[in-house]
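Q: sequence first, then the predicted structure:
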Amino acid sequence: MTYFTDVSHIPFEGRSSANPLAFKYYDETEKVGDKTMKEWLRYSVAYWHTFNEGGADPFGAATINHKWNHYSGIDQAKARAEAAFEFIDKIGAPFFCFHDVDVVSQTDSLQAFNKELDEIVPVLHSYMKDTNTELLWNTANLFIDPRFLHGAATSSNADVFAYSAAKVKKQLEIGKELGAKNYVFWGGREGYESLLNTDMGFELDNLARFYHMAIDYAKEIGFEGQFLIEPKPKEPTKHQYDYDVASAFAFLQKYDLTDHFKINIEANHATLAGHSFEHELHYARANNMLGSVDANQGDLLLGWDTDEFPTDIYAATLSMYEILKNGGLGNGGLNFDAKVRRTSIDPSDLLHGHIVGMDTFAYGLKVAHRLLEDRALESIIENRYSSFKEGIGQDIVTNNTDFHKLADYAHQTEITNISGRQEMIRGIINQYILETN
Ligand code: XLS
Ligand code: NI
Ligand code: NI
(Lines give C-alpha, C1' and ligand atoms only; values in the text may rest on other atoms or scores of the structure.)
(Ligands and ions follow the chains in the order given, each with its own letter.)
Protein backbone atom coordinates (compact mmCIF):
# COMPACT_ATOMS: atom_id res chain seq x y z
CA MET A 1 0.00 0.00 0.00
CA THR A 2 1.20 3.55 -0.76
CA TYR A 3 0.11 6.25 1.65
CA PHE A 4 2.01 9.31 0.48
CA THR A 5 0.85 9.37 -3.11
CA ASP A 6 1.91 12.92 -4.02
CA VAL A 7 5.59 12.12 -4.51
CA SER A 8 8.10 9.32 -4.79
CA HIS A 9 10.85 11.29 -3.08
CA ILE A 10 11.43 14.89 -1.91
CA PRO A 11 14.12 16.35 -4.17
CA PHE A 12 16.44 19.27 -3.50
CA GLU A 13 15.54 21.98 -6.03
CA GLY A 14 17.18 25.07 -4.55
CA ARG A 15 15.93 28.46 -3.43
CA SER A 16 14.30 29.45 -6.70
CA SER A 17 12.03 26.40 -6.79
CA ALA A 18 8.30 26.99 -6.53
CA ASN A 19 7.59 23.32 -5.85
CA PRO A 20 6.24 23.02 -2.28
CA LEU A 21 7.24 19.34 -2.21
CA ALA A 22 10.95 20.08 -2.70
CA PHE A 23 13.78 21.26 -0.46
CA LYS A 24 14.95 24.81 -1.05
CA TYR A 25 17.97 24.77 1.27
CA TYR A 26 18.49 21.23 2.51
CA ASP A 27 20.82 19.49 0.09
CA GLU A 28 22.02 16.46 2.04
CA THR A 29 25.20 16.22 -0.03
CA GLU A 30 26.21 19.88 0.28
CA LYS A 31 29.37 20.37 2.30
CA VAL A 32 29.36 22.93 5.07
CA GLY A 33 32.90 23.13 6.36
CA ASP A 34 34.22 19.61 6.69
CA LYS A 35 30.90 17.73 6.85
CA THR A 36 27.84 17.36 4.66
CA MET A 37 24.50 18.79 5.70
CA LYS A 38 23.30 15.26 6.29
CA GLU A 39 26.18 14.62 8.69
CA TRP A 40 25.74 17.86 10.64
CA LEU A 41 21.98 17.82 10.90
CA ARG A 42 21.25 14.13 11.50
CA TYR A 43 17.51 14.58 10.99
CA SER A 44 15.11 12.23 12.69
CA VAL A 45 11.38 11.61 12.30
CA ALA A 46 9.37 11.24 15.52
CA TYR A 47 7.03 8.26 15.22
CA TRP A 48 4.42 9.51 17.68
CA HIS A 49 3.66 12.93 16.22
CA THR A 50 4.00 11.91 12.61
CA PHE A 51 2.21 8.59 12.44
CA ASN A 52 0.05 8.30 15.57
CA GLU A 53 -1.13 11.84 16.12
CA GLY A 54 -4.82 12.53 15.53
CA GLY A 55 -4.94 16.18 16.53
CA ALA A 56 -7.19 15.69 19.59
CA ASP A 57 -7.08 18.46 22.19
CA PRO A 58 -8.87 18.95 25.53
CA PHE A 59 -11.83 20.49 23.66
CA GLY A 60 -12.18 18.24 20.67
CA ALA A 61 -11.71 14.77 19.28
CA ALA A 62 -9.16 13.74 16.68
CA THR A 63 -9.44 15.53 13.35
CA ILE A 64 -6.71 13.66 11.50
CA ASN A 65 -7.64 10.20 10.33
CA HIS A 66 -4.86 8.77 8.18
CA LYS A 67 -5.52 5.49 6.39
CA TRP A 68 -2.71 3.64 8.14
CA ASN A 69 -4.52 4.14 11.44
CA HIS A 70 -7.66 2.26 10.35
CA TYR A 71 -6.59 -1.08 11.82
CA SER A 72 -6.34 -2.71 15.22
CA GLY A 73 -3.93 -4.90 17.14
CA ILE A 74 -0.79 -6.09 15.40
CA ASP A 75 -2.27 -5.22 11.96
CA GLN A 76 -2.39 -1.63 13.17
CA ALA A 77 1.26 -1.76 14.20
CA LYS A 78 2.26 -3.21 10.82
CA ALA A 79 0.27 -0.71 8.76
CA ARG A 80 1.78 2.13 10.75
CA ALA A 81 5.29 0.78 10.26
CA GLU A 82 4.67 0.48 6.52
CA ALA A 83 3.50 4.10 6.35
CA ALA A 84 6.33 5.26 8.61
CA PHE A 85 9.09 3.86 6.46
CA GLU A 86 7.48 4.99 3.22
CA PHE A 87 7.49 8.48 4.73
CA ILE A 88 11.01 8.33 6.20
CA ASP A 89 12.36 7.11 2.88
CA LYS A 90 10.57 9.78 0.85
CA ILE A 91 11.56 12.66 3.11
CA GLY A 92 15.15 11.38 3.24
CA ALA A 93 15.72 11.47 7.02
CA PRO A 94 18.54 9.19 8.16
CA PHE A 95 17.01 8.54 11.63
CA PHE A 96 13.76 7.94 13.48
CA CYS A 97 12.69 7.75 17.15
CA PHE A 98 9.87 5.98 18.97
CA HIS A 99 8.25 5.21 22.32
CA ASP A 100 7.23 1.60 22.94
CA VAL A 101 3.53 2.55 22.75
CA ASP A 102 4.00 4.20 19.35
CA VAL A 103 5.01 1.02 17.57
CA VAL A 104 2.45 -1.33 19.14
CA SER A 105 -0.79 -0.57 20.95
CA GLN A 106 -0.82 -0.29 24.71
CA THR A 107 -2.18 -3.51 26.23
CA ASP A 108 -2.97 -4.13 29.83
CA SER A 109 -0.61 -6.98 30.49
CA LEU A 110 3.13 -6.58 30.22
CA GLN A 111 3.40 -10.07 28.76
CA ALA A 112 1.00 -9.34 25.89
CA PHE A 113 2.66 -5.99 25.28
CA ASN A 114 6.14 -7.51 25.09
CA LYS A 115 4.85 -10.23 22.79
CA GLU A 116 3.55 -7.63 20.35
CA LEU A 117 6.85 -5.77 20.59
CA ASP A 118 8.67 -9.00 19.73
CA GLU A 119 6.51 -9.28 16.66
CA ILE A 120 6.98 -5.71 15.42
CA VAL A 121 10.70 -5.24 16.14
CA PRO A 122 11.88 -7.57 13.32
CA VAL A 123 9.47 -5.76 10.98
CA LEU A 124 10.99 -2.40 11.94
CA HIS A 125 14.45 -3.88 11.60
CA SER A 126 13.90 -5.06 8.08
CA TYR A 127 12.38 -1.71 7.01
CA MET A 128 15.40 0.00 8.57
CA LYS A 129 17.74 -2.10 6.47
CA ASP A 130 15.71 -1.59 3.28
CA THR A 131 15.56 2.17 3.66
CA ASN A 132 18.97 2.65 5.26
CA THR A 133 17.42 4.26 8.34
CA GLU A 134 18.98 4.22 11.80
CA LEU A 135 17.37 4.49 15.22
CA LEU A 136 18.34 7.77 16.90
CA TRP A 137 16.61 6.70 20.12
CA ASN A 138 13.82 4.70 21.58
CA THR A 139 12.21 5.01 24.97
CA ALA A 140 9.62 3.49 27.25
CA ASN A 141 6.52 5.63 27.61
CA LEU A 142 6.20 6.03 31.38
CA PHE A 143 3.40 8.60 31.39
CA ILE A 144 0.28 7.57 29.39
CA ASP A 145 -0.80 4.50 31.34
CA PRO A 146 -3.03 5.27 34.39
CA ARG A 147 -0.61 3.21 36.49
CA PHE A 148 1.72 6.20 36.36
CA LEU A 149 -0.68 8.54 38.16
CA HIS A 150 1.80 9.06 41.02
CA GLY A 151 4.87 8.95 38.77
CA ALA A 152 7.02 6.15 37.36
CA ALA A 153 10.53 5.92 38.86
CA THR A 154 9.43 8.60 41.35
CA SER A 155 6.08 6.97 42.13
CA SER A 156 5.05 6.60 45.75
CA ASN A 157 4.10 3.04 44.81
CA ALA A 158 7.02 0.57 44.70
CA ASP A 159 5.11 -1.74 42.34
CA VAL A 160 4.98 1.05 39.78
CA PHE A 161 8.73 1.55 40.17
CA ALA A 162 9.16 -2.14 39.31
CA TYR A 163 6.71 -1.93 36.40
CA SER A 164 8.64 1.06 35.03
CA ALA A 165 11.89 -0.86 35.29
CA ALA A 166 10.36 -3.75 33.31
CA LYS A 167 9.34 -1.34 30.53
CA VAL A 168 12.78 0.29 30.35
CA LYS A 169 14.51 -3.10 30.48
CA LYS A 170 12.56 -4.19 27.41
CA GLN A 171 13.36 -0.99 25.52
CA LEU A 172 17.06 -1.32 26.27
CA GLU A 173 16.96 -4.81 24.79
CA ILE A 174 15.14 -3.47 21.71
CA GLY A 175 17.54 -0.53 21.47
CA LYS A 176 20.43 -2.95 21.49
CA GLU A 177 18.80 -5.09 18.80
CA LEU A 178 18.07 -2.12 16.54
CA GLY A 179 21.40 -0.38 17.17
CA ALA A 180 19.92 2.68 18.89
CA LYS A 181 22.36 5.59 19.10
CA ASN A 182 20.78 6.85 22.34
CA TYR A 183 18.19 6.07 24.96
CA VAL A 184 15.98 8.95 26.16
CA PHE A 185 14.43 9.43 29.57
CA TRP A 186 11.74 12.07 29.52
CA GLY A 187 10.14 12.14 32.95
CA GLY A 188 6.59 13.03 32.00
CA ARG A 189 5.25 11.99 35.41
CA GLU A 190 8.47 12.43 37.39
CA GLY A 191 7.43 15.49 39.34
CA TYR A 192 4.63 16.50 41.65
CA GLU A 193 1.18 18.02 41.69
CA SER A 194 1.37 19.07 45.34
CA LEU A 195 4.28 19.35 47.75
CA LEU A 196 1.85 18.71 50.59
CA ASN A 197 1.86 14.95 49.93
CA THR A 198 5.34 14.67 48.38
CA ASP A 199 8.73 13.63 49.75
CA MET A 200 10.88 15.22 47.06
CA GLY A 201 14.22 14.06 48.44
CA PHE A 202 13.03 10.47 48.59
CA GLU A 203 11.60 10.59 45.07
CA LEU A 204 14.85 11.97 43.65
CA ASP A 205 16.89 9.30 45.45
CA ASN A 206 14.65 6.70 43.84
CA LEU A 207 15.03 8.28 40.41
CA ALA A 208 18.80 8.03 40.79
CA ARG A 209 18.49 4.39 41.90
CA PHE A 210 16.44 3.74 38.78
CA TYR A 211 19.04 5.32 36.49
CA HIS A 212 21.91 3.42 38.13
CA MET A 213 20.06 0.15 37.58
CA ALA A 214 19.44 1.10 33.94
CA ILE A 215 23.17 1.75 33.49
CA ASP A 216 23.99 -1.60 35.05
CA TYR A 217 21.56 -3.41 32.80
CA ALA A 218 22.79 -1.62 29.68
CA LYS A 219 26.32 -2.69 30.55
CA GLU A 220 25.17 -6.24 31.19
CA ILE A 221 23.54 -6.64 27.77
CA GLY A 222 26.11 -4.56 25.86
CA PHE A 223 23.78 -1.69 24.99
CA GLU A 224 26.11 1.02 23.72
CA GLY A 225 23.77 3.95 23.13
CA GLN A 226 24.18 7.22 25.00
CA PHE A 227 21.73 7.82 27.86
CA LEU A 228 19.92 11.14 27.61
CA ILE A 229 17.68 13.09 29.97
CA GLU A 230 15.13 15.37 28.30
CA PRO A 231 14.24 18.28 30.59
CA LYS A 232 10.84 19.94 30.66
CA PRO A 233 9.65 22.25 33.44
CA LYS A 234 5.95 21.47 33.59
CA GLU A 235 3.18 19.63 31.73
CA PRO A 236 1.88 17.13 32.58
CA THR A 237 2.92 17.60 36.22
CA LYS A 238 2.91 21.03 37.83
CA HIS A 239 6.60 20.81 38.55
CA GLN A 240 8.85 18.32 36.81
CA TYR A 241 12.12 17.37 38.43
CA ASP A 242 14.17 17.69 35.23
CA TYR A 243 13.04 21.30 34.98
CA ASP A 244 15.77 22.52 32.64
CA VAL A 245 19.35 21.67 31.69
CA ALA A 246 20.74 23.22 34.87
CA SER A 247 18.49 21.23 37.21
CA ALA A 248 19.09 17.98 35.29
CA PHE A 249 22.83 18.65 35.47
CA ALA A 250 22.68 19.31 39.21
CA PHE A 251 20.79 16.04 39.70
CA LEU A 252 23.29 14.09 37.59
CA GLN A 253 26.20 15.56 39.52
CA LYS A 254 24.69 14.87 42.93
CA TYR A 255 24.08 11.22 42.07
CA ASP A 256 27.34 10.59 40.26
CA LEU A 257 25.68 10.10 36.88
CA THR A 258 27.44 12.68 34.67
CA ASP A 259 29.68 10.11 33.01
CA HIS A 260 26.66 8.14 31.83
CA PHE A 261 24.25 10.83 30.69
CA LYS A 262 23.96 13.77 28.36
CA ILE A 263 20.98 16.03 27.74
CA ASN A 264 18.33 15.91 25.01
CA ILE A 265 17.25 19.53 24.60
CA GLU A 266 13.82 20.38 23.22
CA ALA A 267 13.28 23.93 21.99
CA ASN A 268 9.69 24.25 23.23
CA HIS A 269 10.67 22.87 26.65
CA ALA A 270 13.41 25.50 26.89
CA THR A 271 10.95 28.30 26.30
CA LEU A 272 8.43 26.80 28.75
CA ALA A 273 11.21 26.96 31.36
CA GLY A 274 11.69 30.65 30.62
CA HIS A 275 14.89 30.13 28.65
CA SER A 276 15.77 30.55 25.02
CA PHE A 277 16.60 27.39 23.09
CA GLU A 278 20.15 28.65 22.59
CA HIS A 279 20.52 29.26 26.32
CA GLU A 280 19.84 25.59 27.02
CA LEU A 281 22.20 24.47 24.25
CA HIS A 282 24.88 26.86 25.46
CA TYR A 283 24.55 25.72 29.08
CA ALA A 284 24.81 22.06 28.03
CA ARG A 285 27.76 22.75 25.73
CA ALA A 286 29.64 24.68 28.41
CA ASN A 287 29.31 21.63 30.67
CA ASN A 288 30.01 19.01 28.00
CA MET A 289 26.44 17.70 28.31
CA LEU A 290 24.95 18.43 24.88
CA GLY A 291 23.61 15.12 23.63
CA SER A 292 20.75 15.53 21.20
CA VAL A 293 17.98 17.91 20.19
CA ASP A 294 14.20 17.73 19.88
CA ALA A 295 13.77 20.32 17.15
CA ASN A 296 10.47 22.14 17.34
CA GLN A 297 9.15 25.52 18.38
CA GLY A 298 6.51 26.86 20.72
CA ASP A 299 4.09 29.72 20.39
CA LEU A 300 5.03 32.89 22.26
CA LEU A 301 1.40 33.55 23.10
CA LEU A 302 0.60 30.10 24.48
CA GLY A 303 1.86 28.66 27.75
CA TRP A 304 2.03 24.99 26.83
CA ASP A 305 4.04 22.63 24.64
CA THR A 306 2.62 23.28 21.17
CA ASP A 307 5.40 21.25 19.49
CA GLU A 308 5.26 23.11 16.17
CA PHE A 309 7.58 22.39 13.28
CA PRO A 310 10.51 24.81 13.46
CA THR A 311 10.23 27.68 10.97
CA ASP A 312 12.10 30.43 12.80
CA ILE A 313 15.35 31.01 10.90
CA TYR A 314 16.74 33.34 13.55
CA ALA A 315 16.34 30.73 16.31
CA ALA A 316 17.66 27.96 14.03
CA THR A 317 20.73 30.07 13.27
CA LEU A 318 21.52 30.70 16.93
CA SER A 319 20.96 27.05 17.85
CA MET A 320 23.07 25.75 14.97
CA TYR A 321 25.73 28.20 16.11
CA GLU A 322 25.79 26.43 19.49
CA ILE A 323 25.78 23.02 17.84
CA LEU A 324 28.71 23.95 15.58
CA LYS A 325 30.61 25.38 18.56
CA ASN A 326 30.02 21.99 20.17
CA GLY A 327 31.66 20.31 17.19
CA GLY A 328 28.33 18.78 16.16
CA LEU A 329 25.92 16.49 17.99
CA GLY A 330 28.02 13.33 18.24
CA ASN A 331 25.62 10.43 18.74
CA GLY A 332 22.66 12.83 18.79
CA GLY A 333 20.58 14.36 16.04
CA LEU A 334 17.84 16.83 15.27
CA ASN A 335 14.64 14.96 16.01
CA PHE A 336 11.43 16.64 14.86
CA ASP A 337 9.42 16.25 18.03
CA ALA A 338 6.82 18.32 16.21
CA LYS A 339 3.26 17.89 15.04
CA VAL A 340 1.19 19.49 12.34
CA ARG A 341 -1.76 21.60 13.52
CA ARG A 342 -5.11 19.80 13.88
CA THR A 343 -6.39 21.59 10.78
CA SER A 344 -3.59 20.06 8.67
CA ILE A 345 -5.38 16.83 7.92
CA ASP A 346 -3.70 15.44 4.79
CA PRO A 347 -0.73 13.06 4.61
CA SER A 348 1.05 15.68 2.51
CA ASP A 349 0.91 18.08 5.48
CA LEU A 350 3.35 15.76 7.24
CA LEU A 351 5.71 16.18 4.30
CA HIS A 352 5.31 19.96 4.36
CA GLY A 353 6.01 20.09 8.11
CA HIS A 354 9.25 18.17 7.72
CA ILE A 355 10.30 20.03 4.58
CA VAL A 356 10.01 23.43 6.25
CA GLY A 357 11.73 22.15 9.40
CA MET A 358 14.60 20.60 7.46
CA ASP A 359 15.01 23.68 5.27
CA THR A 360 14.94 25.97 8.31
CA PHE A 361 17.76 24.16 10.10
CA ALA A 362 19.74 23.73 6.87
CA TYR A 363 19.62 27.48 6.37
CA GLY A 364 20.47 28.11 10.01
CA LEU A 365 23.46 25.77 9.63
CA LYS A 366 24.76 27.75 6.66
CA VAL A 367 24.39 31.10 8.41
CA ALA A 368 25.95 29.82 11.64
CA HIS A 369 28.87 28.34 9.74
CA ARG A 370 29.56 31.70 8.06
CA LEU A 371 29.33 33.54 11.37
CA LEU A 372 31.91 31.18 12.81
CA GLU A 373 34.19 31.19 9.78
CA ASP A 374 34.34 34.98 9.89
CA ARG A 375 34.62 34.97 13.68
CA ALA A 376 31.88 37.58 13.52
CA LEU A 377 30.78 37.07 17.14
CA GLU A 378 34.00 35.48 18.38
CA SER A 379 36.09 38.57 17.90
CA ILE A 380 33.50 40.75 19.65
CA ILE A 381 33.41 38.35 22.60
CA GLU A 382 37.19 38.16 22.69
CA ASN A 383 37.42 41.91 22.80
CA ARG A 384 34.79 42.11 25.54
CA TYR A 385 36.89 39.94 27.85
CA SER A 386 40.26 41.36 26.78
CA SER A 387 40.91 42.83 30.25
CA PHE A 388 41.68 39.28 31.39
CA LYS A 389 44.47 38.91 28.83
CA GLU A 390 47.06 40.97 30.71
CA GLY A 391 47.83 42.75 33.96
CA ILE A 392 45.49 42.18 36.86
CA GLY A 393 43.05 40.21 34.68
CA GLN A 394 45.73 37.73 33.75
CA ASP A 395 46.70 37.43 37.44
CA ILE A 396 43.08 36.55 38.24
CA VAL A 397 42.70 33.80 35.65
CA THR A 398 46.12 32.28 36.41
CA ASN A 399 45.29 32.26 40.15
CA ASN A 400 48.15 34.63 40.93
CA THR A 401 46.36 37.08 43.14
CA ASP A 402 44.31 37.42 46.31
CA PHE A 403 41.93 39.85 48.01
CA HIS A 404 44.86 41.93 49.43
CA LYS A 405 46.40 42.53 46.03
CA LEU A 406 43.04 43.05 44.34
CA ALA A 407 42.01 45.62 46.93
CA ASP A 408 45.35 47.47 46.57
CA TYR A 409 44.90 47.49 42.81
CA ALA A 410 41.28 48.68 43.05
CA HIS A 411 42.26 51.58 45.32
CA GLN A 412 44.66 52.90 42.67
CA THR A 413 42.52 52.27 39.59
CA GLU A 414 39.92 54.29 37.76
CA ILE A 415 37.42 51.91 36.07
CA THR A 416 36.56 52.42 32.41
CA ASN A 417 34.01 50.10 30.77
CA ILE A 418 33.59 49.35 27.08
CA SER A 419 30.28 49.06 25.17
CA GLY A 420 28.58 45.66 24.84
CA ARG A 421 27.40 46.61 21.31
CA GLN A 422 24.20 44.55 21.41
CA GLU A 423 22.40 46.49 18.68
CA MET A 424 25.42 46.33 16.39
CA ILE A 425 25.60 42.55 16.90
CA ARG A 426 21.89 42.14 16.08
CA GLY A 427 22.53 44.06 12.87
CA ILE A 428 25.43 41.80 11.96
CA ILE A 429 23.32 38.69 12.49
CA ASN A 430 20.53 40.08 10.31
CA GLN A 431 23.06 40.79 7.59
CA TYR A 432 24.42 37.23 7.75
CA ILE A 433 20.90 35.77 7.66
CA LEU A 434 19.92 37.87 4.67
CA GLU A 435 23.12 37.39 2.72
CA THR A 436 23.63 33.64 2.97
CA ASN A 437 23.34 31.72 -0.27
C1 XLS B 1 7.03 15.55 25.61
C2 XLS B 1 8.33 15.07 25.21
C3 XLS B 1 8.38 13.66 24.65
C4 XLS B 1 9.77 13.16 24.66
C5 XLS B 1 9.91 11.69 24.57
O6 XLS B 1 6.80 16.71 25.86
O7 XLS B 1 8.89 15.98 24.32
O8 XLS B 1 7.80 13.62 23.39
O9 XLS B 1 10.52 13.74 23.63
O10 XLS B 1 9.25 11.02 25.56
NI1 NI C 1 10.63 15.74 23.21
NI1 NI D 1 7.55 18.59 23.79
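A: Received, thanks. Ligands and ions are numbered 1, 2, ... in the order given.

Q: can you pull the buried residues of the longest helix along the chain?
A: Across the chain, the longest stretch assigned as helix under DSSP state H is helix 347-373. Under the neighbour-count criterion of 16 or more other CB atoms under 10 Å, helix 347-373 has 347-348, 350-351, 353-372 buried. Every C-beta, even on glycine, is put in place using the N, C-alpha and C of the backbone.

Q: immediately after that helix, which helix or strand?
A: Moving toward the C-terminus from helix 347-373, the next helix or strand (DSSP states H and E) is helix 378-384.

Q: what residues of the helix or strand following that following helix count as buried?
A: Downstream of helix 378-384, the first helix or strand assigned by DSSP H and E is helix 391-397. By neighbour count on 16+ other CB under 10 Å, the buried set for helix 391-397 is Asp395.

Q: can you spell out which helices and strands pack onto helix 391-397?
A: If you count contacts as 3 or more CB pairs under 8 Å, 6 or more residues apart in numbering; DSSP states H and E, helix 391-397 packs onto helix 403-411.

Q: what mean pLDDT does the helix it packs on have?
A: Averaged across helix 403-411, the pLDDT comes to 98.

Q: got a list of contacts for that helix?
A: With CB atoms under 8 Å, 6 or more residues apart in numbering as the test, helix 403-411 has contacts from Ile392, Asp395, Ile396.

Q: how about those residues in JSON lines, adding pLDDT and distance to Asn335?
A: Converted to JSON lines, the contacts of helix 403-411 look like this (pLDDT from 0 to 100; distance: CB to CB, whole Å):
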{"residue": "Ile392", "pLDDT": "98", "distance to Asn335": "47"}
{"residue": "Asp395", "pLDDT": "98", "distance to Asn335": "46"}
{"residue": "Ile396", "pLDDT": "98", "distance to Asn335": "42"}
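
Q: any chance of those in a markdown table, with distance to ligand 2 too?
A: Below are the contacts of helix 403-411 laid out as a markdown table (distance: CB to the ion, whole Å):
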| residue | distance to ligand 2 |
| --- | --- |
| Ile392 | 46 |
| Asp395 | 46 |
| Ile396 | 41 |
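
Q: circling back to that earlier point, how far does the longest helix of the chain sit from its chain's centre?
A: Distance of helix 347-373 from its chain centroid, counting by CA atoms, centre = their mean, to the nearest Å, is 15 Å.

Q: what ranges do the helices span in the stretch 101-250 of the chain?
A: Remark: helices assigned in the stretch 101-250 of the chain by DSSP state H, counting those that start in this stretch are 110-131, 158-178, 200-221, 245-254.

Q: among the ones you listed, which is nearest His66?
A: His66 sits nearest to helix 110-131 of all the helices of the stretch 101-250 of the chain, at 17.6 Å, using CB to CB.

Q: by contact count, what packs against the closest one?
A: When contacts are defined as 3+ CB pairs under 8 Å, 6+ apart, helix 110-131 packs onto helix 73-91, helix 100-103, helix 158-178.

Q: just list the residues touching the closest residue to ligand 1 within the stretch 101-250 of the chain, thanks.
A: Relative to ligand 1, the nearest point of the stretch 101-250 of the chain is Trp186 (3.5 Å; CB to the nearest ligand atom). For Trp186, the contacting residues are Thr139, Ile229, Glu230, Lys232, Asp242, Asn264, by CB under 8 Å, 6+ apart.

Q: next one: the fifth one from Glu230, what distance?
A: If I follow you right, that is Asp242. Plainly put, Asp242 is 7 Å away from Glu230 if you go by CB to CB, to the nearest Å.

Q: ok, the last one next?
A: For Asn264, the distance to Glu230 under the criterion CB to CB works out to 4 Å.

Q: common neighbours of the two, please.
A: Counting by CB under 8 Å, 6+ apart, the residues touching both Asn264 and Glu230 are Val184, Trp186, Asp294.

Q: filter these down to the ones near ligand 2?
A: Asp294 (CB under 5 Å from the ion).

Q: list just the nearest of the shared contacts of Asn264 and Glu230 to Val7.
A: Asp294 (26.0 Å).

Q: quick check on that closest one: phi, psi?
A: When read as degrees, to the nearest 10, the backbone of Asp294 gives phi -100, psi 100.

Q: got the residues of the stretch 301-437 of the chain near ligand 1?
A: Applying CB under 6 Å from any ligand atom, one finds that the stretch 301-437 of the chain approaches ligand 1 through Asp305, Asp337.

Q: doesn't Glu280 belong to a helix?
A: Yes: the assignment for Glu280 by DSSP: H, G, I helix; E, B strand; the rest coil puts it in a helix.
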